[in-house]
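Trainee: fold the following, please.
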Amino acid sequence: MSSQTITLPDGRKLGYATIGKGNPVMYFHGTASSRLEVYLLKHLTVKGNLQLIALDRPGYGLSTYKPRKSIQDINSDINCLADHLGIEQFSVLGWSGGGVFTLAYITCFPKRINCSIIVGTPDLPFDTSIAHNIPLAKYVMKFPFIGKIAMRNMRRQVLKADCTEAFLRSSQGRQTLHTCSSRDLTFFSNPTWMGLMHQSMTEAFRQSNSVNVVLEEHQLFLKPWNLPFKNISDNLWVWQGAEDKTCPVKNAYSIAHKIENCNLEVFPRQGHCVIFDNLERLSELLKSF
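Mentor: Next up is the predicted model:
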């Protein structure tokens, strides 16, 4: 994997990572994660002849922090990166919170898109009463003061843990496991997979203002969609695990209801990690465009 930065027109740094060679796919990582999350998808580059490109959203990893008021605010960053890499058209893939920013981009720049896939993505405004399978999540997301305390604690525990096992023993680690379906727990019991995920979370919190980034994204998720969904072509797939506890299945049905001609697929007995459970199928879909 190669991690680099580019300088944007306003002087900010944008961090990104590329892995593999072939047809380009822009990857949008989850909330409270980073570009390193893409390494969990390495199998796609081997099977699908694909180049995965993952960028850190502002304030995560290597990217300079910038307050955001809209989910469309990073669209220009994405275009700058694509232009820098000499890529005119590409596919996009977004997991969890990253799916929100995927939709924000493809509605505004449909002509640059070959294929779009969002997985385990919240419908907006996100229903905080069932978020993350944690009763207190609605207070964390709705009230910034409470959310800041929770996020500071999360950041401290993620950075303090010197290994994956230490993180899983922490209160935040135990809470993370509580949000998992039985199928998801198989991934969290895999040392390699969990090690990569922990590295990605650690990278997400490397900057001191990363707590504000997470809170801002959650605040954006509480606002209703304000996107021209009519611009989306029929090359959009919405994937969802039927037993997803982090982002329940009703979110996928609601998104599909709003977007005409999208391809909805709900995977029985699978959870929030459904994207990593179906890499063969994902590679076949992406390489067909």
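Trainee: find the residue at the geometric middle of this structure.
Mentor: G30 (2.3 Å; Cα atoms, centre = their mean).
Trainee: need the pLDDT of the closest residue to V274 other than its chain neighbours.
Mentor: In space, and not counting its chain neighbours, V274 is closest to G241: 3.8 Å by Cβ to Cβ, 6 or more residues apart in numbering. For every residue, glycine as well, the C-beta is placed using N, CA and C. On the pLDDT scale, G241 is placed at 97.
Trainee: same thing with the one 10 residues further on?
Mentor: Here, the pLDDT recorded for N251 equals 96.
Trainee: now the closest residue to it other than its chain neighbours, what's its secondary structure?
Mentor: Residue nearest to N251 in three dimensions, not counting chain neighbours: D123, with 4.3 Å by Cβ to Cβ, 6+ apart. With DSSP: H, G, I helix; E, B strand; the rest coil as the basis, D123 sits in coil.
Trainee: list the contacts of D123.
Mentor: Residues counted as contacts of D123 (Cβ atoms under 8 Å, 6 or more residues apart in numbering) are K250, N251, A252, S254, I255, K258.
Trainee: again with Y65
Mentor: By Cβ under 8 Å, 6+ apart, the residues touching Y65 are P58, G59, Q207, N209, N212, V213.
Trainee: put the alpha carbons of the helix or strand where the fifth one lies into CSV.
Mentor: Spelled out, that is N212. Element membership for N212, per DSSP states H and E: helix 210-221. What follows is helix 210-221, C-alpha atoms only, in CSV (Å, rounded to 0.1, in the frame of the first residue of the first chain):
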residue,chain,number,x,y,z
SER,A,210,-10.4,14.1,15.3
VAL,A,211,-13.1,14.1,18.0
ASN,A,212,-14.7,17.1,16.4
VAL,A,213,-14.6,15.3,13.0
VAL,A,214,-16.6,12.3,14.3
LEU,A,215,-19.1,14.6,16.1
GLU,A,216,-19.5,16.7,12.9
GLU,A,217,-20.2,13.7,10.8
HIS,A,218,-22.8,12.4,13.2
GLN,A,219,-24.4,15.8,13.2
LEU,A,220,-24.6,15.7,9.4
PHE,A,221,-26.2,12.3,9.6
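Trainee: for that helix, buried residues please.
Mentor: By neighbour count on 16 or more other Cβ atoms under 10 Å, the buried set for helix 210-221 is S210, V211, N212, V213, V214, L215, E216, E217, H218, L220, F221.
Trainee: just checking, the fourth one touches P58?
Mentor: Yes: judged on Cβ atoms under 8 Å, V213 makes contact with P58 at a distance of 7.1 Å.
Trainee: ok, the residue nearest to N251 to A252 distance?
Mentor: 8 Å (Cβ to Cβ, to the nearest Å).
Trainee: for I117, same thing?
Mentor: Distance from I117 to A252, by Cβ to Cβ: 12 Å.
Trainee: what's the burial count for G22?
Mentor: 15 (other Cβ atoms under 10 Å).
Trainee: read off the pLDDT value for it.
Mentor: On the pLDDT scale, G22 gets 93.
Trainee: and R57, by the same measure?
Mentor: On pLDDT, R57 comes in at 98.
Trainee: the closest residue to it other than its chain neighbours: how many residues sit nearby?
Mentor: Nearest non-adjacent residue to R57, counting by Cβ to Cβ, 6+ apart: I74, 5.8 Å away. Residues lying near I74 (other Cβ under 10 Å) number 20.
Trainee: dump the residue contacts of I74.
Mentor: Going by Cβ under 8 Å, 6+ apart, I74 touches R57, P58, R68, F101, A104, Y105.
Trainee: show me where the stretch 151-289 of the chain has strands.
Mentor: Here the stretch 151-289 of the chain has its strands, by DSSP state E, counting those that start in this stretch, at 236-241, 263-267.
Trainee: which of the ones you listed is buried the deepest?
Mentor: strand 236-241 (a mean of 24; mean count of other Cβ atoms under 10 Å).
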